[in-house]
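In: what shape does this take:
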Amino acid sequence: MGRTIPEVILTEIEAKTDQEAIGILAGCLYERGFVKESYIRAIQEREKEFCTGLAFDEMGVAIPHTDACHVKRNALAVGILKKPVIFRHMGAPDIPVRTELLFMMALGENAAHLEFLGEFLDAFQKKGCLRTLKAAATEEEFLDGLSLYLKENDK
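Out: Just a heads-up that it's a prediction; the model follows:
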């Protein structure tokens with residue numbers, strides 16, 4: 001799959017729940033032709049059963065995804081939430097995660113999710129990475145920040 005660059009970046013998402021935030025981002029992927037209409041409901045339903053919130057030192061991140069059969073073309077969508085939304089922790093669903101960034105995967109190969117996770121989770125743990133991404137006011141600022149932290153992983 002190689003380096004994954006976000007095709008969709010939404011800043012200032014206003015949502016009250018994890019389901020609403022997921023619906024906004026998944027709807028954008030659908031409108032741009034990356035996923036089938038079934039993707040929206042499938043990713044929301046998957047989140048109810050398999051939580052995707054992760055708590056890092058700087059902030060919470062969620063990485064919602066669903067089965068490859070709902071994907072037309074590989075894409076990564078990023079959502080920067082205006083205010084934190086509660087997701088449930090990936091490894092412990094009873095733990096709430098105040099999430100400020102969403103990284104939504106729409107990948108045509110189920111195995112590609114693991115490659116993405118390995119690539120990005122290393123960057124998310126670096127001091128300043130998530131704060132830099134959250135502070136981005138434009139797509140360019142976000143991509144510049146992401147590129148910087150992913151390059152550090154290559155060293």
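In: just the CA trace of the helix or strand hosting Val85, in PDB.
Out: Assigned by DSSP states H and E, Val85 belongs to strand 75-88. Output of strand 75-88 as PDB, limited to C-alpha atoms (Å, rounded to 0.1, in the frame of the first residue of the first chain):
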ATOM      1  CA  ALA A  75      -8.800   6.400   1.000                       C
ATOM      2  CA  LEU A  76      -7.900   7.900   4.300                       C
ATOM      3  CA  ALA A  77     -10.200  10.600   5.800                       C
ATOM      4  CA  VAL A  78      -9.200  12.800   8.700                       C
ATOM      5  CA  GLY A  79     -11.500  14.700  10.900                       C
ATOM      6  CA  ILE A  80     -10.400  17.400  13.400                       C
ATOM      7  CA  LEU A  81     -13.200  17.800  16.000                       C
ATOM      8  CA  LYS A  82     -14.100  21.200  17.200                       C
ATOM      9  CA  LYS A  83     -14.800  19.800  20.700                       C
ATOM     10  CA  PRO A  84     -13.800  16.400  22.000                       C
ATOM     11  CA  VAL A  85     -16.300  13.500  21.500                       C
ATOM     12  CA  ILE A  86     -16.300  10.400  23.600                       C
ATOM     13  CA  PHE A  87     -15.300   7.200  21.900                       C
ATOM     14  CA  ARG A  88     -14.700   3.900  23.700                       C
END
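In: which helix or strand contains the spatially most central residue of the chain?
Out: Closest residue to the average C-alpha location of the chain: Phe103 at 0.8 Å, with C-alpha atoms, centre = their mean. Using DSSP H and E, Phe103 falls within strand 96-106.
In: how about the host helix or strand of Lys151, which residues are buried there?
Out: Lys151 belongs to helix 139-154 when assigned by DSSP H and E. For helix 139-154, burial by neighbour count (16 or more other C-beta atoms under 10 Å) applies to 142-143, 145-146, 149-150. From N, CA and C alone the C-beta is placed, and that goes for glycine too.
In: what's that helix packed up against?
Out: strand 8-13, helix 112-124, helix 129-135 (3 or more C-beta pairs under 8 Å, 6 or more residues apart in numbering; DSSP states H and E).
In: what residues does it touch?
Out: Residues from elsewhere that reach helix 139-154, judged by C-beta atoms under 8 Å, 6 or more residues apart in numbering: 3, 5-6, 9, 11, 78, 80, 119-120, 122-123, 126, 129, 132-133, 135-136.
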